[in-house]
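Engineer: Sequence and computational prediction follow.
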Amino acid sequence: MRLFKWRDYASLTQLVEGCQREERRAQNVFYDRYKNSLKGVCLRYAKTEAEADDILQEAFIKIFKNIQQIKQPESVDSWVKSVVIRTAINYYHSTTKKELLHSSIESSEGAMDVSNSFRIIEQLDTDFLLSVISSLPDGYRAVVNLHLIDGYTHAEIAQMLSVAEGTSKSQLQRGRTLLIKKLQELGVESYEVTGRRS
């Protein structure tokens, strides 16, 4: 067994080209390079770790099947993340999309105002925030992740989820409201409190 597999590939370009030639060693190195960061992306969209593992496995199948599409190997990082997010969304479509349209939220009395909620969310420790986001219902979790974490626009989200743009906006609003309510239940209500969690 070779301990330094990466040395067989002096650059990311060579690694991608090795995967395009379907070299098993290149695929193993590629998998090792991306598995942890991509698993984190999968966990943000999945309800359970088992679902995240399923999404990750399906994503790598798609990655290796379609890696020929990469014409500029230096852009592979964003392409790989995009494949994983789209795989997660497809998984969501096949298992939980109905919740997006049928979820309801209790009215949130005493909720923080929206502008203050963004400042508070920005101050939170990323791992803490992601753990609270992961507790949201599927539809809200998907839109909150796509918009707040991954930076997609409502038009892009609507296309990915096959919903109207207005649905994306309302799901984000409801998801954000529920997120703020969950943060309040955990004692996060002001900048001073969140400053200590960072």
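Structural biologist: Great, that's in hand. Numbering: from 1, shown residues only.

Engineer: Spatially central, which residue of the protein would that be?
Structural biologist: V41 (4.1 Å; Cα atoms, centre = their mean).

Engineer: chain center to the one helix or strand that one maps to, what's the gap?
Structural biologist: Assigned by DSSP states H and E, V41 falls within helix 24-45. Relative to its chain's centre, helix 24-45 lies at 14 Å (Cα atoms, centre = their mean, to the nearest Å).

Engineer: average pLDDT for that helix?
Structural biologist: Per-residue pLDDT over helix 24-45 has a mean of 94.

Engineer: re earlier: quick one, what contacts the residue nearest to the centre of the chain?
Structural biologist: With contacts defined as Cβ atoms under 8 Å, 6 or more residues apart in numbering, V41 is in contact with K81, V84, I85, A88. C-beta here means a position set from N, CA and C on the backbone, and glycine is covered the same way.

Engineer: about what we covered before: so after the helix holding V41, what's the next helix or strand?
Structural biologist: helix 49-66.

Engineer: got the angle for that following helix vs helix 24-45?
Structural biologist: Following axes from the mean of the first three to the mean of the last three Cα atoms, to 10 degrees, one obtains 140 degrees for the angle between helix 49-66 and helix 24-45.

Engineer: Which other helices and strands does helix 49-66 contact?
Structural biologist: Contact here means 3 or more Cβ pairs under 8 Å, 6 or more residues apart in numbering; DSSP states H and E; on that basis helix 49-66 packs against helix 24-45, helix 76-95.
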